[in-house]
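> below is the structure, and that's it, no one-letter string:
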Ligand SMILES: NC(=O)C1=CN([C@@H]2O[C@H](COP(=O)(O)OP(=O)(O)OC[C@H]3O[C@@H](n4cnc5c(N)ncnc54)[C@H](O)[C@@H]3O)[C@@H](O)[C@H]2O)C=CC1
Ligand SMILES: CC(C)CC(=O)C(=O)O
Ligand SMILES: [Mg+2]
């Protein structure tokens with residue numbers, strides 16, 4: 001298969017983890033006989049510096065002519081005092097909106113060989129396998145008016161019925177394919193948008209009688225994600241709650257550097273991005289964990305390209321490298337033995353090569 005992938009490295013550790021993801025995809029292409037054509041574009045602070053625009057037209061055009069987009073991360077202290085329209089994060093919000101990527105899928109799964117990296121007890125973490133379905137193109141991050149003066153700041157939280165319906169349906173469909181349980185997280189005891197959200201979930205549940213549904217207020221959901229994370233299957237929630245809860249959920253796994261995500265819509269096109277940000281505190285040191293970016297690339301293979309075997313091969317390689325006791329600094333119990341981003345990526349590449357060789361040997365004996 002031939003696929004065009006737009007790569008938007010962005011800022012901070014974005015370019016470092018994108019280099020890792022592309023390296024892994026190149027091996028997948030070679031081993032499974034696919035041609036991946038990578039084209040690079042700028043976004044975020046990088047694009048502000050080059051074009052005075054966090055999402056230049058060239059970048060949009062590049063993504064429009066691609067089959068999928070891989071994105072690193074945006075932002076950093078260099079641009080923190082810029083006016084709103086010249087903030088790197090505006091570029092990220094704008095690309096999600098432009099492509100109508102309303103559903104952000106954020107899987108959180110315990111890795112057996114990493115149970116000790118979690119601050120939670122092993123028995124709490126062991127069975128964790130949830131996915132947060134975060135609404136991505138509405139809510140507080142997009143509502144107008146949005147401004148501030150020295151005396152007041154305004155953000156607007158609006159959700160339309162259509163916006164809620166489509167994300168809720170997506171989550172029900174996912175729950176049906178998984179363990180059949182949907183937790184809808186809102187703040188319906190206070191927020192009007194949450195009251196509508198809850199009403200629509202109750203309407204939609206009639207179409208999915210095989211899915212068990214529960215409503216959970218966001219504050220207690222935040223508590224339960226830490227005390228009993230294995231109780232969750234699919235969580236569906238609005239934009240800001242999903243943003244916050246998924247960073248919280250990363251603690252269960254041991255590092256924010258482990259969580260991938262897919263930002264998708266109703267067709268096969270998608271933007272694949274780690275959950276983490278540009279991590280200015282570790283950027284440029286070669287120590288970022290590239291697992292989230294590599295696993296995001298695996299999600300791209302599965303969702304946008306229908307390459308299930310290829311995605312599974314990448315996930316297996318990542319898990320095997322962990323089982324072999326290879327970790328970057330964020331996960332290593334022995335910091336002296338931590339691998340750099342490049343060294344860890346090369347382990348994944350070697351593991352993929354090894355899988356391929358052992359498969360060929362197996363076939364030659366059948
Ligand atoms: N998707 C995106 O592009 C996002 C961008 N941001 C932006 O990133 C910048 C920094 O934000 P923070 O609040 O510090 O969040 P962050 O997610 O960049 O970092 C939080 C903490 O996690 C660590 N971390 C994150 N990813 C890691 C990885 N792959 N390997 C090792 N350690 C990792 C960082 O070193 C830091 O201590 C801000 O400008 C923010 O706006 C934040 C979140 C998402
Ligand atoms: C610009 C922010 C909304 C990025 C972020 O934190 C995220 O999408 O997780
Ligand atoms: Mg976030």
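Looks like it came in fine. Being a predicted model, the structure only gives us computed values, none of them experimental. Numbers count the residues shown, from 1 in each chain. Ligands and ions are numbered 1, 2, ... in the order given.
> residues near the closest residue to ligand 2 within the stretch 201-350 of the chain, how many?
Nearest residue of the stretch 201-350 of the chain to ligand 2, counting by C-beta to the nearest ligand atom: residue 243, 4.6 Å away. Heads up, the C-betas are built off the backbone N, CA and C, glycines and all. Number of residues near residue 243 (other C-beta atoms under 10 Å) recorded here: 20.
> need the nearest residue in space to it, chain neighbours excluded.
Leaving aside its chain neighbours, residue 243 sits nearest to residue 134 (6.7 Å; criterion: C-beta to C-beta, 6 or more residues apart in numbering).
> again with residue 139
residue 239 (3.6 Å).
> I'd say that neighbour and residue 132 touch.
No - using C-beta atoms under 8 Å, residue 239 makes no contact with residue 132, being 11.6 Å away.
> more neighbours, those two?
Between residue 239 and residue 132, residue 132 has the larger neighbour count (other C-beta under 10 Å), namely 28 against 25.
> where does the more buried one fall, secondary structure wise?
strand 129-135 (DSSP states H and E).
> what comes up buried for the next helix or strand after that strand?
The helix or strand immediately downstream of strand 129-135 is strand 143-148, counting by DSSP H and E. Using 16 or more other C-beta atoms under 10 Å as the test for burial, strand 143-148 gives residue 143.
> distance of the residue of the stretch 201-350 of the chain closest to ligand 2 from residue 136?
In this view, residue 243 and residue 136 are 9 Å apart by C-beta to C-beta, to the nearest Å.
> double-check that residue 38 belongs to a strand.
Yes - per DSSP: H, G, I helix; E, B strand; the rest coil, residue 38 lies within a strand segment.
> how about the secondary structure of residue 48?
Applying three-state DSSP: residue 48 is helix.
> tally of neighbours for it?
25.
> need the pLDDT of the residue nearest to residue 211 when sequence neighbours are not counted.
Nearest residue to residue 211 in three dimensions, chain neighbours excluded: residue 175, at 4.7 Å (C-beta to C-beta, 6+ apart). What the model reports as pLDDT for residue 175 is 98.
> what about residue 175, which helix or strand?
Applying DSSP H and E, one finds residue 175 within helix 161-177.
> which residues touch the residue nearest to residue 139?
Residues in contact with residue 239 (C-beta atoms under 8 Å, 6 or more residues apart in numbering) are 134-142.
> which one (most neighbours) among those residues?
residue 134 (29 neighbours).
> ok, it - contacts?
103-106, 237-239, 241-243, 246.
> neighbours of whatever residue of the chain ends up closest to ligand 2, just the number please.
Taking C-beta to the nearest ligand atom, ligand 2 has its nearest neighbour within the chain at residue 89, 3.7 Å off. For residue 89, the tally of surrounding residues (other C-beta under 10 Å) stands at 17.
> tell me if the one helix or strand the residue of the stretch 201-350 of the chain closest to ligand 2 maps to is near ligand 1.
Under the criterion of DSSP H and E, residue 243 resides in helix 239-253. No - for a cut-off given as C-beta under 6 Å from any ligand atom, helix 239-253 has no contacts with ligand 1; the smallest distance is 7.0 Å.
> report the angle between that helix and strand 129-135.
Interaxial angle of helix 239-253 relative to strand 129-135 (axes from the mean of the first three to the mean of the last three C-alpha atoms, to 10 degrees): 160 degrees.
> who are the packing partners of the helix or strand following helix 239-253?
Sequence-wise, the next helix or strand downstream of helix 239-253 (DSSP H and E) is strand 262-264. Applying 3 or more C-beta pairs under 8 Å, 6 or more residues apart in numbering; DSSP states H and E, one finds that strand 262-264 contacts strand 103-109, strand 270-272, helix 291-303.
> in TSV, list those along with mean neighbour count, distance to ligand 2 and mean pLDDT.
Listed next are the helices and strands packed on strand 262-264 as TSV, based on neighbours: other C-beta atoms under 10 Å; distance: least, C-beta to the nearest ligand atom, whole Å; pLDDT from 0 to 100:
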stretch	mean neighbour count	distance to ligand 2	mean pLDDT
strand 103-109	22	7	98
strand 270-272	26	11	98
helix 291-303	26	11	98
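> nearest to residue 340, of these?
helix 291-303 (13.5 Å; C-beta to C-beta).
> surely the residue of the chain closest to ligand 2 touches residue 73?
No - counting by C-beta under 8 Å, residue 89 stays clear of residue 73, with 10.1 Å between them.
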